[in-house]
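In: following is a predicted model, sequence given first.
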Amino acid sequence: MQWNPETIVAVAAYTGAGICMGFGAVGAAIGEGYTAAQANHAVSRNTDLSGDIFKNMLVGQAVAESASIFALVIAILLMFLNFQGAPLIKAAALLGAGLCMGLGALGSGIGSGLPGGQACFGIARQPAVTGRLTTNMLIGSAVCQTPAIFAMVVALLLIFIDFSRLPLQPGWAALIGAGLSTGLAAIGSGYGGGVAAGASCEGVARQPLAVGPLTTTMLVGQAVAQTPAIFGLLVSFILLFRGIPASESLAPAMALLSAGLCTGLGGIGPGIGNGQVAGGAVRWVARNSAIAGDLMRVMLVGQAVSQSTAIYAMVVSLVLIFVV
Amino acid sequence: MGELGRIHQLLVSIGDYRLAINLEVVVMTWIVIFALVVFGLATSRRRSLLPAPIQVLGEILVSQLYGLTEDALGADLARKYAPLVTALFLFLLVSNWLGIIPHLEEPTKDLNTPLALGLMGFVIAHWAGIRSKGFKAYILEYFQPIFFMLPLNLIGEFAKIVSISFRLFGNIMGGSIIILVVSYLSWNIILPPLLNAFFGLFVGTIQAFVFTMLTVVYIAVQVK
């Protein structure tokens, strides 16, 4: 067996495709399972509406599947695109693309099933607002997929940009680090956004008149919960587009790789935490919509504090990239 | 499998710049526009108190979308934005459905179409925000909750364009890649019609609705 660059690039592409679709299948399946479980619960509670609940379940599951469809797109591009004659550094980029999209689909897949489940249950509870529940579910579930979309953007950049001018030695670590940063950071933000969206569907069923403040609080909460994923995206872009001097020693490469890991792992907790804050706020807007403004203010401050750990992680990453 | 990722382009040089025009997308977009014009004429040419089936179809579409816009924006703004919302939804719906006809392709499969529509929604939302709040209040929004959140707020706004357009692009592109690959692997037996029904009709409808509703919600968030 000969390890020429062409073989290594092909090996990296196939490994990346496997990792991408393997991890990408996990999240969406769990999310869709949750939706179906709640739909069963709802049907048993209100058997007359089984048709409506079933339709809503299917629509919710189809949206929750998006994250794994994105993973499938990247996996198929990795398998079937022609990388002949690509330089050795492309191997790192392709592996990074697979890691990025596979990990990035995890959180959003689980998260986007939560509003589907709550909406099914809400229909059983409050059949008159079926339309509003479905609309709210679609918006919430679509917005909590944003982190997975960031991961897809980074994966597409890694696949299609020509990296032949990047030096191989620290360059490979920068490319894999770029993939890990967005991929890992998307896990927490995707799940957190789903918690907020689920709470919003539950809230619409509880208090249909408050649908305006509920949607606004949900969207603001989700946007803030997505900040760790945006940190991950920023670090990925810095790693991708900053010119890196060639170096024979292993230390700069490890610094770049761990810069990606640091922001990625550091973003998981704040993403979930911020989502729980947003979910709590949305839940109480439904119970007492007169004080929606106060709730939003408390939510934003709480989220800012819980986000500080993601900021520490990003500061360490930036130090690793620019100083070390 | 060679046709994956191949695009027919027309390159036009203007000075130092080179314009790349994706010919298939332009032709498919014109087909969609033509289909929508025909549909519009068919539904509204012979209006009567006792409506023909096609007129009923048009009325249902318009009144449903009007109701959704009214829910999100309120009665005043709905009069202004409902035509835009209806047009956007119908364009995306027919675009996403176009792929089920052999030899035709979805214009939304090319990133340029969703990106252009996403940019359009972004500009409209921010223009509506400036109109309703005034320029000063609009700018101050970016310094909420604390002043140093400005860069994050700005990135968050631009991330909305990326997420709304890549969501549509990823789903439609993903659907068409899956149809291509699975049809190829199964020698085009039995599976392609079912896949077209799921990814073309079902997912296409949902994604067209999601794109439209997100555009409306972005306007609503700016206006409030």
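Out: Done, it's in.
In: and B:D110, what pLDDT?
Out: B:D110 is assigned 86 on the pLDDT scale.
In: what about it, neighbour count?
Out: Here the neighbour count serves as a burial measure; for B:D110 (other CB atoms under 10 Å in any protein chain shown) it reads 20. In short, each C-beta sits where N, CA and C put it, glycine included.
In: same check, this time on A:E6
Out: With neighbours defined by other CB under 10 Å, the count for A:E6 comes to 15.
In: which helix or strand contains it?
Out: helix A:5-45 (DSSP states H and E).
In: just checking, next helix/strand downstream of that helix?
Out: From helix A:5-45 onward toward the C-terminus, using DSSP H and E, the following helix or strand is helix A:50-64.
In: now the next helix or strand after that following helix: mean pLDDT?
Out: Once helix A:50-64 ends, the next helix or strand along the chain (criterion: DSSP H and E) is helix A:66-80. Helix A:66-80 shows a mean pLDDT of 90 in the predicted model.
In: again, but for stretch A:105-119
Out: Over the span of stretch A:105-119, the pLDDT mean works out to 94.
In: hey, C-alpha coordinates of that stretch in CSV?
Out: The C-alpha coordinates for stretch A:105-119 follow below in CSV (Å, rounded to 0.1, in the frame of the first residue of the first chain):
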residue,chain,number,x,y,z
ALA,A,105,-25.9,18.7,13.6
LEU,A,106,-26.1,17.0,17.1
GLY,A,107,-27.5,19.8,19.2
SER,A,108,-29.8,21.3,16.6
GLY,A,109,-31.3,17.9,15.8
ILE,A,110,-32.2,17.2,19.4
GLY,A,111,-33.3,20.8,20.0
SER,A,112,-35.6,21.2,16.9
GLY,A,113,-37.6,18.1,18.0
LEU,A,114,-38.6,19.8,21.3
PRO,A,115,-41.0,22.5,19.8
GLY,A,116,-42.6,19.7,17.7
GLY,A,117,-43.4,17.7,20.7
GLN,A,118,-44.7,20.6,22.7
ALA,A,119,-46.9,21.7,19.8
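In: check whether it comes near chain B.
Out: No. Judged by CB under 8 Å from any CB of the partner chain, stretch A:105-119 and chain B are separated, with a smallest distance of 10.7 Å.
In: now the helix holding A:E6: how far from the chain's centre is it?
Out: For helix A:5-45, the distance from its own C-alpha centre to the chain's C-alpha centre is 13 Å (CA atoms, centre = their mean, to the nearest Å).
In: now do the host helix or strand of B:V26: everything it contacts.
Out: When elements are defined using DSSP H and E, B:V26 is found to belong to helix B:23-44. Outside helix B:23-44, the residues within contact range by CB atoms under 8 Å, 6 or more residues apart in numbering or on different chains are B:7-10, B:54-55, B:57-59, B:90-91, B:94-95, B:98, B:104-107, B:110, B:112-113.
In: likewise stretch B:97-108?
Out: Residues outside stretch B:97-108 that contact it (CB under 8 Å, 6+ apart) are B:24-25, B:28-29, B:31-32, B:92, B:95-96, B:109, B:113-114, B:168-169, B:172, B:175-176, B:179, B:196-197, B:200-201, B:204-205.
In: buried sites along the longest helix along chain B?
Out: Ordering each helix of chain B by length in residues (DSSP state H) puts helix B:150-185 first. The neighbour-count check on helix B:150-185 (16 or more other CB atoms under 10 Å in any protein chain shown) flags B:152, B:156-157, B:159-181 as buried.
In: ok, and which of those residues reach chain A?
Out: Filtering these for proximity to chain A (criterion: CB under 8 Å from any CB) leaves B:152, B:156, B:159, B:162-163, B:166-167, B:170-171, B:173-175, B:177-178, B:181.
In: kindly format the C-alpha coordinates of the helix holding B:V26 as PDB.
Out: C-alpha atoms of helix B:23-44 as PDB (Å, rounded to 0.1, in the frame of the first residue of the first chain):
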ATOM      1  CA  LEU B  23     -27.900  30.200 -17.100                       C
ATOM      2  CA  GLU B  24     -30.100  27.400 -15.800                       C
ATOM      3  CA  VAL B  25     -31.200  29.400 -12.700                       C
ATOM      4  CA  VAL B  26     -32.100  32.300 -14.900                       C
ATOM      5  CA  VAL B  27     -34.200  30.200 -17.200                       C
ATOM      6  CA  MET B  28     -35.900  28.300 -14.400                       C
ATOM      7  CA  THR B  29     -36.700  31.500 -12.500                       C
ATOM      8  CA  TRP B  30     -38.400  32.900 -15.700                       C
ATOM      9  CA  ILE B  31     -40.400  29.600 -15.900                       C
ATOM     10  CA  VAL B  32     -41.500  30.200 -12.300                       C
ATOM     11  CA  ILE B  33     -42.400  33.800 -13.000                       C
ATOM     12  CA  PHE B  34     -44.400  32.800 -16.100                       C
ATOM     13  CA  ALA B  35     -46.200  30.100 -14.200                       C
ATOM     14  CA  LEU B  36     -47.200  32.600 -11.500                       C
ATOM     15  CA  VAL B  37     -48.400  35.200 -14.000                       C
ATOM     16  CA  VAL B  38     -50.600  32.500 -15.700                       C
ATOM     17  CA  PHE B  39     -51.900  31.400 -12.300                       C
ATOM     18  CA  GLY B  40     -52.600  35.000 -11.300                       C
ATOM     19  CA  LEU B  41     -54.500  35.800 -14.500                       C
ATOM     20  CA  ALA B  42     -56.500  32.500 -14.300                       C
ATOM     21  CA  THR B  43     -57.600  33.200 -10.700                       C
ATOM     22  CA  SER B  44     -58.600  36.800 -11.200                       C
END
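In: if you average pLDDT over that helix, what comes out?
Out: Helix B:23-44 shows an average pLDDT of 92 in the prediction.
In: got the residues of chain B near chain A?
Out: Chain B has residues B:1, B:4-5, B:68, B:71-72, B:144-146, B:152, B:155-156, B:159, B:162-163, B:166-167, B:170-171, B:173-175, B:177-178, B:181, B:202-203, B:206, B:209-210, B:213-214, B:217, B:220-221, B:224 near chain A, with proximity defined as CB under 8 Å from any CB.
In: strands of chain B, start to end?
Out: Listed in chain order, the strands found in chain B under DSSP state E are B:9-14, B:17-22.
In: and the ones you listed, which is most packed in?
Out: Scoring the strands of chain B by mean neighbour count under mean count of other CB atoms under 10 Å in any protein chain shown gives strand B:17-22 as the most buried, with a mean of 11.
In: quick one: strands adjacent to that one?
Out: Using DSSP bridges, the strands paired with strand B:17-22 in its sheet are strand B:9-14 (antiparallel).
In: contacts for the partner strand?
Out: Under the contact criterion CB under 8 Å, 6+ apart, strand B:9-14 has outside partners B:18-23.
In: and those residues, which is closest to chain A?
Out: Proximity of the contacts of strand B:9-14 to chain A, judged by CB to the nearest CB, is greatest for B:A20, which lies at 14.8 Å.
In: list the contacts of that closest one.
Out: Listed by CB under 8 Å, 6+ apart, the contact set of B:A20 reads B:9-11.
In: nearest to chain A among these?
Out: B:Q9 (15.4 Å).
In: quick one on the thing from earlier: now the helix holding B:V26, how far from the centre of its chain.
Out: On the basis of CA atoms, centre = their mean, helix B:23-44 sits 14 Å off its chain's mean C-alpha point.
In: that concludes my questions; thank you for your assistance.
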